[in-house]
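In: Sharing a model that was predicted from the sequence below.
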Amino acid sequence: MNKEEEIRAAALKLFVEFGFHGTPTSKIAKEAGVANGTLFHYFKTKEDLIVALYNHTKDSLNRHLLETYNAENTLKDKMKNIYVSSLEWGLAHKPEFYFIQQFHFSPHLAKVSSEDIEKQTRLHVELLRAGISENIFKPLPAQLISSILGGHVYGVYQYLISTQLTPEKKAEMIEDTFGLLWAMLTK
């Protein structure tokens, strides 16, 4: 692992444990085993580190989604695949998934470039547009549909990590909750 990766890994661990405000850069540098100046060599400010870590984490999630994506599927199957894959990735990468949630509810989200946001949401936006243009979804604003989808994923994730379910029951719960989501959004 190179120094930049060590800094990101230390920052992820500490941000999840202590939050953004409770994690000074000196603590991140110490956890990463680097000098404070080394941290600032890679990231000019703490906010730059936070945003870079977010972009890195979202890229990892999106790579996973694209690996499991099949463009030949129906819209419903594509959306189900993204839903299931997002939850599975989150369950396998709990600190990263928590960090994404934490970041979404922070003022740092406004610092993500429009290019990065477009790249990170491209697949989701494409599916939303298809559902709207094909008249599959109820007549709701796209931004509301997107918020409902995100809230549903986060809510189900919280339930799955807070309950003692077998892997089979988790898979069944994910399947059932996608059915609820699909029924709520479609005509």
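Out: Sure thing, it's come through. These numbers were taken from a predicted model, which means no experiment stands behind them. Numbering: from 1, shown residues only.

In: Residue 6 - nearest residue in space that isn't next to it in sequence?
Out: Of all residues beyond its chain neighbours, the one nearest residue 6 is residue 32 (4.4 Å), with distances taken as CB to CB, 6 or more residues apart in numbering. Glycine gets a C-beta too; all of them are placed from N, C-alpha and C.

In: On the pLDDT front, check that neighbour for me.
Out: Model confidence at residue 32, given as pLDDT, is 97.

In: And for residue 13?
Out: According to the prediction, residue 13 has pLDDT 98.

In: host element of it?
Out: Element membership for residue 13 (DSSP states H and E) is helix 3-18.

In: How far off centre is stretch 101-108?
Out: Per CA atoms, centre = their mean, to the nearest Å, the displacement of stretch 101-108 from the mean C-alpha position of its chain is 11 Å.

In: do the same with stretch 33-51
Out: 23 Å.

In: now do the same end-to-end measure for it.
Out: 21 Å (CA to CA, to the nearest Å).

In: Pull up the gap between the residue nearest to residue 6 and residue 162, please.
Out: Applying CB to CB, to the nearest Å, the value for residue 32 to residue 162 is 30 Å.
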